[in-house]
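**Student:** sequence first, predicted coordinates after that:
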Amino acid sequence: PCVLTMMADEFGGEIPVGPFALIGDDSIGRGIVETLSGSRSPAVLMANHGPFTIGRDARAAVKAAAMCEEVARTVHIAMQGGRPVPIEPELIDRLNDRYQNVYGQH
């Protein structure tokens, strides 16, 4: 669930989870594309594999990977103290729009 503002900012909500796929053909790529289709997230957690990220260039994809790891660590630690409260969907939309289109753009 999207429980951190940095998740709303960078991923536009929760990070989607894709299906398991064997290594050796285009199954992982197809799973990533299908899972991210219609999502604002540049990251996907592929079942039994871990995170994969995309971006307009390599730097953006690496940034998404670093952010994915950071939010996973932060949410994991937060869960040790209880159940984090998800951010309301309309607030996620506002945070994501601001981060993607206003914050740091000038």
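**Tutor:** It's in.

**Student:** which secondary structure element contains the residue nearest the centre of the chain?
**Tutor:** Closest residue to the average C-alpha location of the chain: Ile15 at 3.6 Å, with Cα atoms, centre = their mean. Using DSSP states H and E, Ile15 falls within no helix or strand.

**Student:** that one touches Cys68, doesn't it?
**Tutor:** Yes. Applying Cβ atoms under 8 Å as the test, Ile15 and Cys68 come out as touching, 6.3 Å apart. Quick note: C-beta positions are derived from backbone N, CA and C, even for glycine.

**Student:** and the residue nearest to the centre of the chain, its phi and psi?
**Tutor:** When read as degrees, to the nearest 10, the backbone of Ile15 gives phi -80, psi 120.

**Student:** do you know how far it is from Leu22?
**Tutor:** Relative to Leu22, Ile15 is positioned 22 Å away (Cβ to Cβ, to the nearest Å).

**Student:** which residues touch Leu95?
**Tutor:** 5, 8-9, 87 (Cβ atoms under 8 Å, 6 or more residues apart in numbering).

**Student:** can you rerun that using 7 Å?
**Tutor:** Going by Cβ atoms under 7 Å, 6 or more residues apart in numbering, Leu95 touches 5, 8-9.

**Student:** which of these fall within helices?
**Tutor:** Mapping those onto helices (DSSP state H) picks out 5, 8-9.

**Student:** no further queries at this time; thank you.
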